[in-house]
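1. Quick one, what's the 3D model for this:
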Amino acid sequence: MSAPKPKVVGLNVKLTRRRKGLPAALKQLPGVVQVTQTFPDEPDEELATLYVLQVEALRASTVLRSLRKDPAVAFAETCAPRKALPAASARRSKG
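-> Residues are numbered from 1 along each chain as shown. From the prediction side, this is the model:
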């Protein structure tokens, strides 16, 4: 039986500018499970430098501190929690 997957949290990260190799460097931070560029084909510099990191929950504060100290990072914050809502038709049938 395999070990249970660790709980992960999302972090929103904006880089100060595009830099080759920096997304790969983000993946090397301890606890980072996945790095996803939010708008991968975007020519606009502001949007092209946005990423979401999936980080082991137990290491999220350490990763946030590291990112906030890095001059290549404009900001880093925890993703807002999301909750799925029932479809509109299901909400209407209950009312």
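
2. quick one: secondary structure of residue 47?
-> Of the three states, residue 47 takes helix under DSSP: H, G, I helix; E, B strand; the rest coil.

3. That one against residue 40, yeah?
-> No - checked against Cβ atoms under 8 Å, the pair residue 47 and residue 40 is beyond contact range at 9.9 Å. Backbone N, C-alpha and C define where each C-beta goes, glycine included.

4. More neighbours: the two, which one.
-> Neighbour tally, residue 47 and residue 40, criterion other Cβ atoms under 10 Å: the higher count belongs to residue 47, 14 against 9.

5. ok, that one to residue 33 distance?
-> According to Cβ to Cβ, to the nearest Å, residue 47 and residue 33 sit 23 Å apart.

6. Just give the closest residue to the residue nearest in space to the middle of the chain, not the sequence neighbours.
-> Nearest to the mean C-alpha position of the chain, by Cα atoms, centre = their mean, lies residue 52 at 2.3 Å. In space, and not counting its chain neighbours, residue 52 is closest to residue 36: 4.9 Å by Cβ to Cβ, 6 or more residues apart in numbering.

7. Tell me how many other residues surround the one you found.
-> The local packing of residue 36 (other Cβ under 10 Å) involves 12 other residues.
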